[in-house]
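*Asks:* any chance you could fold what I've pasted below:
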Amino acid sequence: MTVAARLAETRQAIADAARAAGRDPAAVQLVAVSKRHPPEAIAAAYDAGQRAFGENYIQELLDKRAALADRCPGIEWHFIGRVQTNKAKLIAQADVVHGVGAARHAEALWRHATRPPRYLLQLNLADEQAKNGFDQEGLADFLKVPHETGPDGLMAMGPLAGDPAPVFAQAEALLARHRDALGAGLLSMGMSADFPVAIRYGATHVRIGTAIFGPRPA
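*Replies:* Just a heads-up that it's a prediction; the model follows:
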């Protein structure tokens, strides 16, 4: 199957999941995760109408943005990954940052941004030590302090194994609890394997790569 055909199937699956949850499909944005796929694959998805693309490595994002600037104007580039303070100046160039998992990461983005950064606070609700992110108490503490450039919402990842529903339900509840402090109220969660569950629990952005682009090149 072509990238365009897989993209169409993915969009239909998102729409079906939204309708099954009693939601408007237009309320769920697809971020096509193009990690390690060549610019040509992104261009194929762009020609099929996709505009939001996600990358896990900031240098790869910047290289692809430069390569496609003339060919594919209007792409919205999402950085999806751990914010490292020593790379914050580069990461701040992304249009949207998923993965601000500590106050120091947000502060580093504020210092280096040339425009108010759009960012989501990453949650770690499955208590997985390897994961970046705020627990419920840490999130509440961060949001108690007024920020000149506040977060636009939350990001969550399901557990490595098991049912993602409890984590996604907690993320939805936390968004509702802290809605006034979370700007646009975005909720980024759900990947190729679990996005229908994420949509059921209010995801506004789903991050899907393999279902669109196929297996990642080695």
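*Asks:* now stretch 162-169: how far from the chain's centre is it?
*Replies:* Between the centre of stretch 162-169 and the centre of its host chain there is 17 Å, according to C-alpha atoms, centre = their mean, to the nearest Å.
*Asks:* could I get the buried residue list for it?
*Replies:* Within stretch 162-169, the residues scored as buried using 16 or more other C-beta atoms under 10 Å are 164, 167, 168. (C-beta placed from N, C-alpha, C; glycine too.)
*Asks:* which non-adjacent residue is nearest residue 10?
*Replies:* residue 211 (5.1 Å; C-beta to C-beta, 6 or more residues apart in numbering).
*Asks:* show me what contacts that neighbour?
*Replies:* If you count contacts by C-beta atoms under 8 Å, 6 or more residues apart in numbering, residue 211 has them with 6, 9, 10, 13, 192.
*Asks:* pLDDT at it, what is it?
*Replies:* Predicted confidence (pLDDT) for residue 211: 96.
*Asks:* phi, psi for residue 76 please.
*Replies:* Main-chain torsions, residue 76, degrees, to the nearest 10: phi -100, psi 120.
*Asks:* same deal with the one 3 residues further on?
*Replies:* As for residue 79, its main-chain torsions (degrees, to the nearest 10) stand at phi -90, psi 120.
*Asks:* how close does it get to residue 155?
*Replies:* Computed as C-beta to C-beta, to the nearest Å, the residue 79 to residue 155 distance reads 11 Å.
*Asks:* now the common contact residues for those two.
*Replies:* Joint contacts of residue 79 and residue 155 (C-beta under 8 Å, 6+ apart) are 98, 99.
*Asks:* once you drop chain neighbours, what's closest to residue 121?
*Replies:* Take residue 121 and drop its neighbours on the chain: the residue closest to it by C-beta to C-beta, 6+ apart is residue 151, 4.9 Å away.
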